[in-house]
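Mind looking at a prediction? Sequence and model below.
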Amino acid sequence: MTRTAYVNGEYLPLEQASVSVLDRGFLFADGIYEVAAVLGGRLVDNAGHVARLERSLSEIGIKNPYSLEEWVRIETELVARDGLEEGLVYLQVTRGAAERDFSFPKDTAPTVVAFTQAKKIAHNPLAESGAKVVTVPDIRWQRRDIKSVALLAQVLAKQAASEAGAAEAFMVEDGSITEGSSSTAFIVTRDGTIVTRPLSNALLPGITRRAVIALATEFDLKLEERLFSVEELHDAAEAFYTSASAFVMPVVSVDGRALGDGRPGPVARRLRELYFAFAEARD
Ligand code: PDD
């Protein structure tokens, strides 16, 4: 299957697409991104993703080059050109290519890049066995609510997880979990309460998180938005993480120790099912 890259208004074969070595995304990580899921050839909960893209741009002072409808048109066109059934659409905007200088360049157009990635999200075998996670210190900057392309801390966290044989790293600050390296972290306490950290600049406002909270509320599951500690995670009945690339992923082990009976828990499995139904019903 050919893959297409969108670069500043053009659709090109991926291997022919390029940006300048002076691009500020490359030199300074001066840019933001979005990732939306595609299921059955349709974008999942995409309105939230393009709205967050707009917010991230505004928070770093880049004028949004496109309307929300234009963003959706680019995403939809890429999905169609690549014949993508299941996977992700990636969008990135940087402050553009300019002579290297820390302060913002004047009159420089942003660089826009987008492409798709085929990936099994709904049909991911990891969801059957459950994911292992490790905890790592959260060494990131203080504006994690912005979906910045400055992801080195998360790259190092995910690599630490891989080297420990785990699928995800939960990051820890002041004894509490902030979020996963590329996901939102949840626990289910022994009394059956779903717990996730409240939104703040300490974590990304996950689009999947929002949908899962709405589903939990709709289906009368007990849920609390509050900080939870590493000890509570180790002690939890269940844990799971959410993202556009994992949907709801049950966690079966933390820091090398089995959680509960070491199999995906009932609350995580139920939320995964509810999320599928939600994902299939709208875009
Ligand atoms: N990451 N927290 C972080 C740090 C993330 O990178 C992500 C998603 C999330 C979950 O957000 P959402 O539910 O909107 O996908 C939380 C994407 C998938 C990525 O970087 O590939």
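Yep, it's here.

how many neighbours does the nearest residue to N46 once chain neighbours are set aside have?
Excluding the flanking residues, the one nearest N46 by C-beta to C-beta, 6 or more residues apart in numbering is A36, at 5.0 Å. Backbone N, C-alpha and C define where each C-beta goes, glycine included. Neighbour count for A36, taken as other C-beta atoms under 10 Å: 26.

So in terms of bridging, what pairs with A36?
Using DSSP bridges, the beta-bridge partners of A36 come out as V89.

and it, how far is that from E231?
35 Å (C-beta to C-beta, to the nearest Å).

Tell me the residues of the protein that contact the ligand?
Within the chain, the residues that sit near the ligand (C-beta under 6 Å from any ligand atom) are 35, 179, 182-184, 204, 206-209, 242-245.

closest to A161 among those?
Closest approach to A161 among the residues of the chain next to the ligand (C-beta to C-beta): S182, at 10.3 Å.

which residues touch the helix or strand where R269 lies?
For R269, the element it lies in under DSSP states H and E is helix 266-281. Residues outside helix 266-281 that contact it (C-beta atoms under 8 Å, 6 or more residues apart in numbering) are 37, 39-40, 44-45, 122, 127, 188, 192, 194, 208, 211-212, 215-216, 219, 221, 237-240, 242, 247-251.

and the closest residue to the ligand within the stretch 1-150 of the chain, how far is that from S243?
Among the residues of the stretch 1-150 of the chain, V35 lies closest to the ligand, at 4.1 Å counting by C-beta to the nearest ligand atom. As for V35, its distance to S243 is 8 Å (criterion: C-beta to C-beta).

between these two, which one's more packed in?
S243 (23 against 17).

nearest residue to that one other than its sequence neighbours?
S183 (4.0 Å).

gap between that neighbour and F247?
Counting by C-beta to C-beta, the gap from S183 to F247 is 10 Å.

Can you name the residues that contact the closest residue to Y241 other than its chain neighbours?
Closest residue to Y241 apart from its sequence neighbours, by C-beta to C-beta, 6+ apart: S183 at 3.9 Å. By C-beta under 8 Å, 6+ apart, S183 lies in contact with 168, 206, 241-243, 245-246, 249.

Would you mind confirming that V79 makes contact with V44?
No: the criterion here is C-beta atoms under 8 Å, and V79 misses it with V44 at 11.3 Å.

anything in contact with each of those two?
V38.

Of the two, give the one with the bigger neighbour count.
Taking other C-beta under 10 Å, V79 and V44 do not tie; V44 has more neighbours (28 against 20).

Report all helices and strands that the helix or strand containing W71 contacts.
Using DSSP H and E, W71 sits in helix 68-82. Packing contacts for helix 68-82, counted by 3 or more C-beta pairs under 8 Å, 6 or more residues apart in numbering; DSSP states H and E, involve strand 4-7, strand 10-13, strand 42-43, helix 46-59, strand 87-94, strand 111-118.

Buried deepest among these, which one?
Comparing those by mean neighbour count (mean count of other C-beta atoms under 10 Å), strand 87-94 ranks first with a mean of 22.

picking up where we left off before, let's see which of the residues of the chain next to the ligand end up in strands.
35, 179, 184, 242-243 (DSSP state E).

which residues are in contact with stretch 4-19?
Outside stretch 4-19, the residues that reach it (C-beta under 8 Å, 6+ apart) are 2-3, 25-26, 74, 77-78, 81-82, 97, 109, 111-116.

about what we covered before: what's the ChimeraX line that selects buried ones from the contacts of helix 266-281?
To isolate the buried ones among the contacts of helix 266-281 in ChimeraX, judged by 16 or more other C-beta atoms under 10 Å, type:
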select :37,39,44,45,122,127,188,194,208,211,212,215,216,221,237,238,239,240,242,247,248,249,250,251
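
could you list every residue that touches R226?
So R226 contacts 195, 197-198 (C-beta under 8 Å, 6+ apart).

In PyMOL, how would I select the buried members of those?
Only the buried entries of the contacts of R226 go into this PyMOL selection, using 16+ other C-beta under 10 Å:
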select buried, resi 195+197
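
Would you mind putting the contacts of R226 into CSV with pLDDT, distance to E86 and secondary structure alongside?
Output for the contacts of R226, formatted as CSV (pLDDT from 0 to 100; distance: C-beta to C-beta, whole Å; DSSP: H, G, I helix; E, B strand; the rest coil):
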residue, pLDDT, distance to E86, secondary structure
V195, 99, 30, strand
R197, 99, 29, coil
P198, 98, 32, coil
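
any idea which of the contacts of R226 is closest to the ligand?
Looking across the contacts of R226 and measuring by C-beta to the nearest ligand atom, the closest to the ligand is R197, at 10.5 Å.
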